[in-house]
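Peer 1: fold the following for me, if possible:
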Amino acid sequence: MSDYPIVPTGENVSRQVLSDHPDLMVVAFRFAAKGAEGMLHHHPHVQSTYVESGRFRFTLGAETREVGPGDSFVVPSEMEHGCVCLEPGTLIDGFTPRRDDFL
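Peer 2: Residues are numbered from 1 along each chain as shown. Alright, predicted model coming up:
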């Protein structure tokens, strides 16, 4: 279990840093209810997302896709992205470099 705190990021959404290094960070985003949102945003970090559980509708730039357990994808630097939870679950995100704003 991570020693990092669980931080609320929105209604029925939380994040917890699982591990970090200046070059890489792994973060769990937990969505507790259908309809919970990861609001549209962008950042300079390259992000990889792995769907541990649940179902989500992701917006990645101009594309929309539905993902479920075992799916993964990469979000390029500065691409606008966000999601809506279709079934409660957890996303595991990797960021390079580390998201210092999460510490």
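
Peer 1: isn't Ile6 right next to Val13, touching?
Peer 2: No - assessed by CB atoms under 8 Å, Ile6 is found out of contact with Val13, at 10.8 Å. (Each C-beta comes from the backbone N, C-alpha and C, glycine too.)

Peer 1: intersection of neighbour lists for the two?
Peer 2: Shared contacts of Ile6 and Val13, defined by CB atoms under 8 Å, 6 or more residues apart in numbering, comprise Arg30.

Peer 1: those two: who's more crowded?
Peer 2: Val13 (20 against 12; other CB atoms under 10 Å).

Peer 1: now do the contacts for the more buried one.
Peer 2: Residues counted as contacts of Val13 (CB under 8 Å, 6+ apart) are Phe29, Arg30, Phe31, Ala32, Ala36, Glu37, Gly38, Cys85.

Peer 1: which of the residues you listed count as buried?
Peer 2: Buried members of the contacts of Val13, scored by 16 or more other CB atoms under 10 Å, are Phe29, Arg30, Phe31, Ala36, Glu37, Gly38, Cys85.

Peer 1: farthest pair in those?
Peer 2: Farthest pair in the buried ones among the contacts of Val13 (CB to CB) is Arg30 and Glu37. Separation: 13.3 Å.

Peer 1: distance check, the nearest residue to Gly61 once chain neighbours are set aside against Asp3.
Peer 2: By the measure of CB to CB, 6 or more residues apart in numbering, the closest residue to Gly61 outside its immediate chain neighbours is Met79, 5.1 Å from it. Going from Met79 to Asp3 by CB to CB, to the nearest Å gives 31 Å.

Peer 1: Cys83 reaches Gly54, doesn't it?
Peer 2: No - the criterion here is CB under 8 Å, and Cys83 misses it with Gly54 at 10.0 Å.

Peer 1: which residues of the protein fall in strands?
Peer 2: 6-10, 13-21, 24-31, 37-41, 46-60, 63-67, 72-75, 81-96 (DSSP state E).
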